[in-house]
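Asker: Give me the fold of what follows.
(chains A and B)
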Amino acid sequence: MNLRTLLLAGMLIHLINGSPLLGGLRSQVKLLDETSVQAILKKLPRIADAEIDRVIRADDTLWYDKATMVPSYQDSIYPVIGARPNTVNPNLVIGYDDIFEKPGFFHFPFGHTAGTDTSINVEILTFWAPPRLAGKILPVVIRKAESTRLHWLFPKGTIFGELMMVKSPEGESVPFEIRVRKRYRYSWGVNAFRPFPTAKSLARSVERLFPHWREVPSLAGLAKHLDDSSTLKPTRKAAQHYAGTFEPINGALDLLPEIEPKYVKTLLKQTPFQSADGALWKEGRGLETFAASTDSAFHIVPRQYQGGLYGVNEMACMRCHKDAGRQIGQFYFRSLLYGEIWGEDQIFSWHPLDTSYYPNFNTENRHLRKDFVDAGLVATYRLSEHPSTLYHEIEKDWTYTPW
Amino acid sequence: MVIVLLLLATPVFAELSPASRAIPLLEKYCRACHGFGERRFLYNESAVENWDRLVSTKTKSGELWIEAIYRSLNWNSPIPPEPNEKMPSGKSWMPKGSKRYDIAEDEMERRSARETLLNELRWVVE
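Answerer: Numbers count the residues shown, from 1 in each chain, chains lettered A, B, ... in the order given. A predicted model of the protein is given here:
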């Protein structure tokens, strides 16, 4: 096959599915590069959901980490305005201790992916799948909102996800959960995919993968624990900051006993991930938990994982995501003139800003990323081009009130 | 009505009843919020046992779960109510969030999943 035939074949494919001629979207933006993405994709388990399994492996799905999408927030109220990294110098922020847990992290409930607040052996990568209409990418639309704030809306059909990995003692990151949010007109639909949505499903996998499990003390102990409904520990989760926004949870955790790392790896790598929508990990004695937890250094979830406190449903996720872009001054009077909680449109991690302008602290430094603009991933909002059937503000229980 | 409910509560009858069709739909669209806690009406048991509970246990407001489910799914329109739209009683239409649009748009045997589910519940409730 000569070069001309190859080009013609490429054009034909392009005409059929509307994808770019050379490479997918990943080649057009400066997020995680193709080599890194391919390394991630090699680790991915099979996901028992056709749409998500396809999307997560698609060429058009973009992946980012904190280096390629620097966690950022806006400071929109005069006199000092602009965008800042979440790692902002504490000396530059009035009331820093109210707002941030430590450089890079807002206080709970806005600092970490739900359930990982106290986990240290966890690694999270984010993927973003922009939707297409008739082969054309639907951009994230951006407009200047109240005060100087940039407000953006994701088009209907956008999918965000988090690949959550637990780190082994040798430093290997092994996927244990994939969380997904899909934009509908009025809300974000949510799901989480886990190898073991219930204690019973883990027990079945232990029996299937390790036929001699009864002769291995740690596996026998794990099997006994999984079958025991009295192992749940009552656990309370409450916010010490941002008063009033997070209703305390009185839930429970199920701390799995330790097993050898080789068994953990086999369990995680050889089990397809299932939807945990509505799944209860275990219940007993009036307690319920939605996921496993552990104090072990390496298990099927990170150490001190608290995902068991949150059901996999929109209401649970909304508890925190509803406040993306909310004024910090609504929580702290002394921060009246300060900025907003990171994120917009219920997604914390994404923003369209070029971080190379951030050092210009005292002047307007919010400029759109050129790679996003050039790839058609972001656009200025125009009612005539961006109908409300595709772009619709999700109802919030707060309003932005600039001074 | 009482006789019908008692009949439905028997496992043998339930095997032949809407339990086998309605419960999987309720599992799909309702379990995320009604599979735990105070508003629970789905348990980790068989479709027959879940159906038995629907027709024999009551919500906090005193109506049978099956009646409450039917009422809150019966939007009087194939178009999903807006998120902030309430029933005349002031309660919320169900399901909430994205599942409201899924249940309206997913099709089963040329009907929406919601209409299929309502049809399974209707002959018990009405």
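Asker: going forward, measure contacts and count neighbours with C-alpha atoms only.
Answerer: Will do.
Asker: which SS state does residue 119 fall under?
Answerer: No chain was given, so I picked chain A. Three-state assignment for A:S119 (DSSP: H, G, I helix; E, B strand; the rest coil): coil.
Asker: other chain: chain B
Answerer: helix.
Asker: Same question for A:Y338.
Answerer: Relying on three-state DSSP, one would call A:Y338 coil.
Asker: That one - how many residues pack around it?
Answerer: 24 (other CA atoms under 10 Å in any protein chain shown).
Asker: A:D228 too?
Answerer: 14.
Asker: got it, and B:D106?
Answerer: By other CA under 10 Å, neighbour count at B:D106 equals 12.
Asker: can you pull the contacts of it?
Answerer: B:112-113 (CA atoms under 8 Å, 6 or more residues apart in numbering or on different chains).
Asker: how far away is it from A:Y358?
Answerer: When distance is defined by CA to CA, to the nearest Å, B:D106 is 46 Å away from A:Y358.
Asker: cool, and B:T59?
Answerer: 54 Å.
Asker: pLDDT score assigned to residue 120?
Answerer: No chain in the question, so chain A it is. Per-residue pLDDT puts A:I120 at 91.
Asker: Hmm, no, I was thinking of chain B.
Answerer: So B:E120 comes in at 92 (pLDDT).
Asker: same thing with B:E49?
Answerer: Value listed for B:E49 in the pLDDT field: 92.
Asker: Between B:T59 and A:Y358, which has more neighbouring residues?
Answerer: More crowded of B:T59 and A:Y358, by other CA under 10 Å: A:Y358, with 20 against 16.
Asker: isn't the more buried one right next to A:I81, touching?
Answerer: No - counting by CA atoms under 8 Å, A:Y358 sits too far from A:I81 to count as a contact (11.1 Å).
Asker: Mind listing what's buried along stretch A:147-167?
Answerer: Residues of stretch A:147-167 classed as buried by neighbour count (16 or more other CA atoms under 10 Å in any protein chain shown): A:148-167.
Asker: Just those residues: which are in strands?
Answerer: Within the buried residues of stretch A:147-167, residues falling in strands by DSSP state E are A:150-153, A:159-167.
Asker: just those now: which is nearest A:G221?
Answerer: A:V166 (21.8 Å; CA to CA).
Asker: For stretch A:47-55, list every residue counted as buried.
Answerer: A:47, A:52, A:55.
Asker: any chance you could map the strands in chain B?
Answerer: With DSSP E as the criterion, chain B has strands spanning B:107-108, B:111-112.
Asker: same thing with the stretch 101-250 of chain A?
Answerer: A:105-106, A:122-129, A:132-133, A:136-137, A:140-144, A:150-153, A:159-167, A:173-183, A:188-194, A:233-237, A:249-253 (DSSP state E, counting those that start in this stretch).
Asker: Describe which strands the longest one pairs with in its sheet and in which direction.
Answerer: Listed by DSSP bridges, the sheet partners of strand A:173-183 and their directions read strand A:159-167 (antiparallel), strand A:188-194 (antiparallel).
Asker: And the second one, by the same measure?
Answerer: Within its sheet, and counting by DSSP bridges, strand A:122-129 is paired with strand A:62-64 (antiparallel), strand A:159-167 (antiparallel).
Asker: go on, the fourth one?
Answerer: The pairing partners recorded for strand A:136-137 under DSSP bridges are strand A:132-133 (antiparallel).
Asker: Just the residues contacting the strand it pairs with, thanks.
Answerer: Residues from elsewhere that reach strand A:132-133 (CA under 8 Å, 6+ apart): A:L138.
Asker: what do you get for stretch B:21-38?
Answerer: Contacts for stretch B:21-38 (CA under 8 Å, 6+ apart): A:277-280, A:288, A:311-313, A:315, B:39-43, B:47, B:50-51, B:95, B:99, B:103, B:113, B:117, B:120-121.
Asker: cool, and stretch A:181-188?
Answerer: Applying CA under 8 Å, 6+ apart, the contact partners of stretch A:181-188 are A:154-161, A:189-191, A:314, A:389-395, B:83, B:97-98.
Asker: so B:E107 makes contact with B:A113?
Answerer: Yes - at 5.5 Å, B:E107 and B:A113 qualify as touching, with contact defined as CA under 8 Å.
Asker: neighbour-wise, which of those two wins?
Answerer: B:A113 (21 against 14).
Asker: and A:P387, how far is that from chain B?
Answerer: Look at A:P387 and chain B: by CA to the nearest CA, to the nearest Å, they are 17 Å apart.
Asker: now do A:G24
Answerer: A:G24 sits at a distance of 29 Å from chain B (criterion: CA to the nearest CA).
Asker: OK, contacts around that residue?
Answerer: Applying CA under 8 Å, 6+ apart to A:G24 gives the contacts A:59-60.
Asker: In contact with A:T113: list those residues for me.
Answerer: Contacts of A:T113 (CA under 8 Å, 6+ apart): none.
Asker: For B:P88, grab the count of nearby residues.
Answerer: Other residues near B:P88 come to 7 when the count uses other CA under 10 Å.
Asker: I'd like to know the beta-bridge partner residues of the residue of the stretch 101-250 of chain A at minimum distance from chain B.
Answerer: Residue of the stretch 101-250 of chain A nearest chain B, by CA to the nearest CA: A:G189 (4.9 Å). Beta-bridge partners for A:G189, by DSSP bridges, are A:K182.
Asker: hmm, back to that, ok, of the strands of chain B, where does mean pLDDT dip lowest?
Answerer: strand B:107-108 (a mean of 90).
Asker: which residues make contact with that one from outside it?
Answerer: With CA under 8 Å, 6+ apart as the test, strand B:107-108 has contacts from B:113, B:116.
Asker: Excluding chain neighbours, give the residue nearest to the spatially most central residue of chain A in space.
Answerer: Of all residues in chain A, the one closest to the mean position by CA atoms, centre = their mean is A:E162, 4.0 Å from it. Using CA to CA, 6 or more residues apart in numbering or on different chains and skipping the chain neighbours, the partner closest in space to A:E162 is A:T126 (4.5 Å).
Asker: any idea how far chain A is from the spatially most central residue of chain B?
Answerer: Chain B has B:I69 as the residue nearest its centroid, 4.2 Å off, counting by CA atoms, centre = their mean. Counting by CA to the nearest CA, the gap between B:I69 and chain A amounts to 17 Å.
Asker: How about that residue, nearest residue that isn't a chain neighbour?
Answerer: Nearest to B:I69 is B:M94, by CA to CA, 6+ apart, at 7.9 Å.
Asker: Quick check: that neighbour vs A:K262, distance?
Answerer: In terms of CA to CA, B:M94 sits 45 Å off from A:K262.
Asker: Who has more neighbours out of those two?
Answerer: B:M94 (23 against 10).
Asker: pLDDT at the more buried one, what is it?
Answerer: 97.
Asker: for it, what are its contacts?
Answerer: Here B:M94 is in contact with B:69, B:72-73, B:100 (CA under 8 Å, 6+ apart).
Asker: 10 Å instead?
Answerer: Contact partners of B:M94, counting by CA atoms under 10 Å, 6 or more residues apart in numbering or on different chains, are B:29-30, B:69-75, B:80-81, B:83, B:86-87, B:100, B:103.
Asker: Which helix in chain B has the most residues?
Answerer: For chain B, the helix with the greatest residue count under DSSP state H is helix B:19-34.
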